[in-house]
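>>> Below: sequence and its predicted model.
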Amino acid sequence: MTETLESNSTEEMIDEIRAIIDRGLGDTKSRQVIAASEVADLLLDLRLVLDSSENQMESVSQN
């Protein structure tokens, strides 16, 4: 049961990360210059997804 939950969480996390990246690329593809703050925001969004998924996996493995 734990393996299934971890697998689903990992797949969901990857899907969410892909969606964030796609939105970021869509917002910037027509521009030649991207502000460092926009890149930092994108990276922070990805980091938050990874951290929240890691916390969820830890709580599932402890149960």
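Now that the structure is in, tell me what you want to look at. Remember, predicted model here, so these are calculated numbers, not experimental data.
>>> Give the full set of residues in contact with A36.
Listed by CB atoms under 8 Å, 6 or more residues apart in numbering, the contact set of A36 is empty. Where C-beta positions appear, they are placed from N, C-alpha and C, glycine not excepted.
>>> give me the element the spatially most central residue of the chain is part of.
What sits nearest the mean C-alpha location of the chain, by CA atoms, centre = their mean, is I17, with 3.2 Å. Using DSSP states H and E, I17 falls within helix 2-28.
>>> Name the next helix or strand following that helix along the chain.
Using DSSP H and E, the helix or strand that follows helix 2-28 in sequence is helix 36-62.
>>> quick check: angle from that next one to helix 2-28?
Inter-element angle recorded for helix 36-62 and helix 2-28: 170 degrees (by axes from the mean of the first three to the mean of the last three CA atoms, to 10 degrees).
>>> State the mean pLDDT of helix 36-62.
In this model, helix 36-62 carries a mean pLDDT of 80.
>>> Would you indicate which residues of that helix are buried?
Buried residues in helix 36-62, counted by 16 or more other CB atoms under 10 Å: 42, 45, 49, 53, 57.
>>> returning to what we had before: which ones are touching the residue nearest to the centre of the chain?
46, 49-50.
>>> Return the member of those residues nearest to E38.
Lowest distance from E38 to the contacts of I17 (CB to CB) belongs to L46, with 13.1 Å.
>>> where's that closest one relative to Q32, distance?
23 Å (CB to CB, to the nearest Å).
>>> before we move on, the earlier item: now the helix holding I17, how far from the chain's geometric center?
Put simply, helix 2-28 sits 5 Å off its chain's centre (CA atoms, centre = their mean, to the nearest Å).
>>> got it, and stretch 43-59?
Stretch 43-59 sits 7 Å away from the centroid of its parent chain (CA atoms, centre = their mean).
>>> need the contact list for the residue sitting furthest away from the middle of the chain.
Centroid-distance maximum for the chain: Q32 at 24.7 Å, with CA atoms, centre = their mean. Contacts for Q32 were tallied using CB under 8 Å, 6+ apart; there are none.
>>> Thanks a lot, catch you later.
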